[in-house]
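Participant: no sequence on this one, just coordinates:
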């Protein structure tokens, strides 16, 4: 899975520049927004079908999906993908959405563990990006102010730089990793330990 994703996003070919990083981030975040939404939808429908409470999971999963979407919208402030890229995203998202939804119906615990490991990989990707910024390989991002959407969403200071945005995104991914591994350890009828906004 990782190998195929690396090929699609161009992560393994040559040195990474800002354009290649944006391609990687946009590709990553279009898929990363799927699990939270599919998990929330599956739990919502189950709650309606069984006439029972959800135990607080839906809001956490929807918050995760929204947060991943904001990562994408931030990257889109810097680069607009072309038609071919959009078609590939549509295809990849369509396949992954259906597979993940069916897998979630079969085993929510497996899916949360799987997402926890995907989030760990995202943390490594963003750590690599930060190392590239710090080493001066991404010269444009070393000097680039944070996009206004990022300053507003993460409540960054007016002097925030692109590095601060990548740090905020990496922190989000690390939190998603913790949340999904925690949910993967719970039974579906156990109370979610994360309150709204946590």
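Facilitator: Cool, got the structure. These numbers were taken from a predicted model, which means no experiment stands behind them. Residues are numbered from 1 along each chain as shown.

Participant: can we go C-alpha only for contacts and neighbour counts from here?
Facilitator: OK.

Participant: chain neighbours aside, what residue packs nearest to residue 33?
Facilitator: Closest residue to residue 33 apart from its sequence neighbours, by Cα to Cα, 6 or more residues apart in numbering: residue 65 at 4.6 Å.

Participant: that should have said residue 153, apologies.
Facilitator: Taking Cα to Cα, 6+ apart as the measure, residue 153 lies nearest to residue 70, with 7.9 Å between them; neighbours along the chain are not counted.

Participant: what residues does the host helix or strand of that neighbour touch?
Facilitator: Assigned by DSSP states H and E, residue 70 belongs to helix 57-76. Residues outside helix 57-76 that contact it (Cα atoms under 8 Å, 6 or more residues apart in numbering): 22, 25-26, 29-30, 32-37, 39-41, 43-44, 147, 149-150, 153, 169, 172, 176, 191-192, 194-198.

Participant: 7 Å - rerun?
Facilitator: If you take Cα atoms under 7 Å, 6 or more residues apart in numbering as the criterion, helix 57-76 is touched by 22, 26, 29-30, 32-34, 36-37, 39-40, 43-44, 149-150, 169, 176, 192, 196.

Participant: buried ones among those residues?
Facilitator: Among the contacts of helix 57-76, those scoring as buried are 22, 26, 29-30, 32-34, 36-37, 39-40, 43-44, 150, 169, 176, 192 (criterion: 16 or more other Cα atoms under 10 Å).

Participant: among those residues, which are in helices?
Facilitator: Secondary-structure check on these using DSSP state H: residues within helices are 22, 26, 29-30, 32-34, 36-37, 39-40, 43-44, 150, 169, 176.
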